[in-house]
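A.B. asks: Any chance you could fold what I've pasted below:
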Amino acid sequence: MTSTRSSSYGVAAVGLLVLLRITIGWHLLYEGCHKLSSLDSDRPWSSASYLQASEGPLGPVFSGLVGAISVAPETQFDPDVIDDQWHDDLRRFAGYHQLSKEQFESAEGEMRFVLKQFTANIEDPGGLQWVLDQYRKDAKRPVGSLTTSERHRFDQNRYALSRQVDRLTKQLYQQLQALLTFEQQQRGNWQVSAGRVGWINWLVTWGLVLAGGCMLLGLFSRVAAVTSSILLASFYLTMPPLPGLTATSVGGGHYLYVNTNLIESIASMLLAFVPSGRWAGLDALVQPLLNRLFISANARGGNADDRPLGKVAKGTENAS
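C.D. replies: Next up, the predicted model:
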């Protein structure tokens, strides 16, 4: 059966489809393993920041999953907005670690100190004030109206402001962590484990590991391909590269409507329609075994159903 199906595709096509499955599987598996290994580091991975930064038509839906505060792009770096976001984080931090009243008051003091640093940097004429002013002007303009050079300037300004916010946010989290007792620290990282974000982190991490591993090994390859396609599509929808959005310029690359997440999602769905795991993978061993078990179970079930009917028929003949 396997040889018949593969021969209809041609040797070159079979080889390329298997290679495509292996490369996508390796990519997803490595991503998942990297996220798992980061849990033991001082900067564990969390989907919170990714979901909070979600843009596009479904942006409010994804950011709402982590309780992110929805703001206009031109105001996202305003001190008042940053203050609201940090206060929201502080409440979740306090609830997760069950801070005492004294600890919460100290945490608020640490947050006010870091916010004062941010405000001083933003309002310094020789610092980031001109960057923020230019960013606000560009962000207020209609989507797609910026020229290439203006878009480049907008991305650079946003990157500079984001770096400042990220640096001070990390500083704040470190200072908050220092307030915890040993017992509170044993509860783990609140960004990774707390509430709905914890479930999303778990689903994404293990979804990548299992789907990627199965695609790499060719085990349950069609189910793994569909799962991979859904995961990648969700990543695409969270940050779609639509005109005027952040995802159009990421890591030195430039995208418009199509990025690597969409390409891999479509390719994974394609793999769901071909038996690549039987051509070169564990499906060649597992699927025949499962088929035999299924046929055997059906046969036993059929025999069990026939016996009572036979006895009833025999009894009827004797009675007559």
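A.B. asks: ok, which stretches of the stretch 101-250 of the chain are strands?
C.D. replies: Ranges of strands in the stretch 101-250 of the chain, per DSSP state E, counting those that start in this stretch, are 249-250.
A.B. asks: Would you confirm that Met239 contacts Thr246?
C.D. replies: Yes. Between Met239 and Thr246 a contact is recorded at 6.8 Å, counting by C-beta atoms under 8 Å. C-beta here means a position set from N, CA and C on the backbone, and glycine is covered the same way.
A.B. asks: what residues do these two have in common as contacts?
C.D. replies: Jointly contacting Met239 and Thr246 under the rule C-beta atoms under 8 Å, 6 or more residues apart in numbering are 53, 55.
A.B. asks: Helices along the stretch 101-250 of the chain, start to end?
C.D. replies: Along the stretch 101-250 of the chain, counting by DSSP state H, counting those that start in this stretch, helices occupy 101-123, 129-140, 148-177, 182-185, 190-193, 195-217, 221-238.
A.B. asks: and these as JSON lines, adding mean pLDDT and mean neighbour count?
C.D. replies: Below are the helices of the stretch 101-250 of the chain laid out as JSON lines (pLDDT from 0 to 100; neighbours: other C-beta atoms under 10 Å):
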{"stretch": "helix 101-123", "mean pLDDT": "91", "mean neighbour count": "15"}
{"stretch": "helix 129-140", "mean pLDDT": "87", "mean neighbour count": "16"}
{"stretch": "helix 148-177", "mean pLDDT": "84", "mean neighbour count": "16"}
{"stretch": "helix 182-185", "mean pLDDT": "86", "mean neighbour count": "11"}
{"stretch": "helix 190-193", "mean pLDDT": "59", "mean neighbour count": "20"}
{"stretch": "helix 195-217", "mean pLDDT": "90", "mean neighbour count": "19"}
{"stretch": "helix 221-238", "mean pLDDT": "96", "mean neighbour count": "21"}
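A.B. asks: Out of those, which gets nearest to Tyr9?
C.D. replies: Of all the helices of the stretch 101-250 of the chain, it is helix 221-238 that lies closest to Tyr9, at 14.8 Å by C-beta to C-beta.
A.B. asks: And the contacts of the closest one?
C.D. replies: For helix 221-238, the external contacting residues (C-beta under 8 Å, 6+ apart) are 21, 24-25, 28, 50-51, 54, 56, 58, 62, 204, 207-208, 210-212, 214-215, 259, 261-262, 264-266, 268-269, 271-273, 275-277, 281, 283.
A.B. asks: among the helices of the stretch 101-250 of the chain, which is nearest Val250?
C.D. replies: helix 148-177 (9.6 Å).
A.B. asks: For that closest one, enumerate the helices and strands it packs against.
C.D. replies: helix 79-97, helix 101-123, helix 129-140 (3 or more C-beta pairs under 8 Å, 6 or more residues apart in numbering; DSSP states H and E).
A.B. asks: Would you mind listing the outside residues contacting the last one?
C.D. replies: If I follow you right, that is helix 129-140. Contacts for helix 129-140 (C-beta under 8 Å, 6+ apart): 72-75, 77, 122-123, 146, 150, 153-154, 157-158, 160-161.
A.B. asks: Measure how it sits relative to helix 79-97, angle-wise.
C.D. replies: Here helix 129-140 runs at an angle of 90 degrees relative to helix 79-97 (axes from the mean of the first three to the mean of the last three C-alpha atoms, to 10 degrees).
A.B. asks: How about the residue nearest the centre of the chain: what's its closest non-neighbour residue?
C.D. replies: The chain has Val204 as the residue nearest its centroid, 5.1 Å off, counting by C-alpha atoms, centre = their mean. Distance criterion C-beta to C-beta, 6 or more residues apart in numbering; nearest residue to Val204, sequence neighbours excluded, is Ser47 at 5.8 Å.
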